[in-house]
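*Asks:* Okay, here's the prediction I keep looking at, along with the sequence it came from:
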Amino acid sequence: MYATMIAVAALWGAVAGLFVPRAAYRLAVEPEEPWRDRCPVGHLLVGPARGWLGGPGRRECATTGGTFVAPVLTAAVCAALAAATGGQPRPELTVWLLAAPFAVLLACVDVRVHRLPDGVTLPLAAAVPLLLGGAELLPYEAGSWVHALLGAVVLGGAYLVLFLINPSGLGFGDVKLAVPLGAALGWYGWGVLFSGAFAGFLLGAVYGLGLVVLRRAGRSAAIPFGPFMLAGGLVGLLLGGFTALP
């Protein structure tokens, strides 16, 4: 049962991850630019959901660079989240698995253009707390919806303060991402919330320091922080899942 759960989660991640590259290509634009609706050579992007869902398409279009990276990464994340449940049928795992492809999508976009689009962060900010509210009504849940709501407020508020103090060092998209991330981490309690948030800052600091040491960037260079927030969130969720085991 345990191995089957992990395999199913990995399969879901792989399939969902196939749709990430095209969406990332369409969203990876500057704030003043419209979302892309054509490939680099001018072909209209067609398919389900008005062209947002689709595979690589024509080989010469090159709209989905890293086509195999996103599915592998999403599959690995989903498998790890399933493994952290210890084989228990926890309802919150469904929430994590639904959110994982969108987290990978946000990371891909942020790496490319240092931007976390409202079209993804805001729906996540609403969906994660709502879905966790439903999860608490089901058996075998291992968290608290109240703590999830408080986590969203606390982490979102903390990032808002940091943004107001130093808007050049932190984007407002990071503030919006902190809301669903805080809800997910807060589900398992304050210790997991603080651990996941700290892990994100630590990973970002190590990466920035590495760039400086290798002389690939200056101390004031901007880095995409969203991927490190999400990586720290994954660390926190894994910690919460494993520590909640009986």
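*Replies:* Sure thing, it's come through.
*Asks:* from here on, contacts and neighbour counts on C-alpha atoms
*Replies:* OK.
*Asks:* In the helix or strand containing V120, which residues are buried?
*Replies:* Under the criterion of DSSP states H and E, V120 resides in helix 118-136. Residues of helix 118-136 classed as buried: 120-122, 124-125, 127-129, 131-133, 135-136 (neighbour count, 16 or more other CA atoms under 10 Å).
*Asks:* C-terminal to the helix or strand of the chain with the lowest mean pLDDT, what's the next element?
*Replies:* Within the chain, confidence by mean pLDDT, DSSP states H and E is lowest for helix 48-51 among all helices and strands, at a mean of 78. The first helix or strand that comes after helix 48-51 along the chain, using DSSP H and E, is helix 69-83.
*Asks:* distance of the residue nearest the centre of the chain from L150?
*Replies:* The structure's the chain has its C-alpha centroid closest to A103; by CA atoms, centre = their mean the separation is 2.0 Å. When distance is defined by CA to CA, to the nearest Å, A103 is 21 Å away from L150.
*Asks:* and what of A24?
*Replies:* Taking CA to CA, one finds A24 at 31 Å from L150.
*Asks:* So which of those two has more stuff around it?
*Replies:* A24 (25 against 19; other CA atoms under 10 Å).
*Asks:* which residues touch the longest helix along the chain?
*Replies:* Once the chain is assigned using DSSP state H, the helix that runs over the most residues is helix 190-213. Contact partners of helix 190-213, identified using CA atoms under 8 Å, 6 or more residues apart in numbering, comprise 147, 151, 155, 182, 185-186, 217-219, 223, 225, 228-237, 239-240.
*Asks:* same thing with stretch 106-122?
*Replies:* 24-25, 27-31, 102, 171, 173-174, 176-177, 180, 223-227, 230.
*Asks:* before we move on, what about stretch 165-175?
*Replies:* Contacts for stretch 165-175 (CA under 8 Å, 6+ apart): 115-118, 121, 156-157, 159-160, 162-163, 222, 225-226.
*Asks:* Next, the buried residues of the longest helix of the chain.
*Replies:* 190, 192-201, 203-204, 208, 211.
*Asks:* what pLDDT does F242 get?
*Replies:* Looking at F242, its pLDDT is 91.
*Asks:* Check whether it really touches G86, as I assumed.
*Replies:* Yes. Using CA atoms under 8 Å, F242 is in contact with G86, at 7.2 Å.
*Asks:* Could you check what's spatially nearest to F228, not counting adjacent residues?
*Replies:* Closest residue to F228 apart from its sequence neighbours, by CA to CA, 6 or more residues apart in numbering: G200 at 4.9 Å.
*Asks:* I'd like to know which of the contacts of stretch 106-122 are buried.
*Replies:* 24-25, 27-29, 102, 171, 173-174, 176-177, 180, 223-227, 230.
*Asks:* where are the low-confidence patches of this structure?
*Replies:* 55-67, 215-221, 246 (pLDDT under 70).
*Asks:* hmm, try it at 80
*Replies:* 39-43, 46-47, 49-51, 53-68, 211-222, 245-246 (pLDDT under 80).
*Asks:* between F242 and G86, who's got more neighbours?
*Replies:* Legend: neighbour count by other CA under 10 Å for F242 and G86, higher for G86 (18 against 15).
*Asks:* How is that one assigned, secondary-structure-wise?
*Replies:* Classification of G86 using DSSP: H, G, I helix; E, B strand; the rest coil returns coil.
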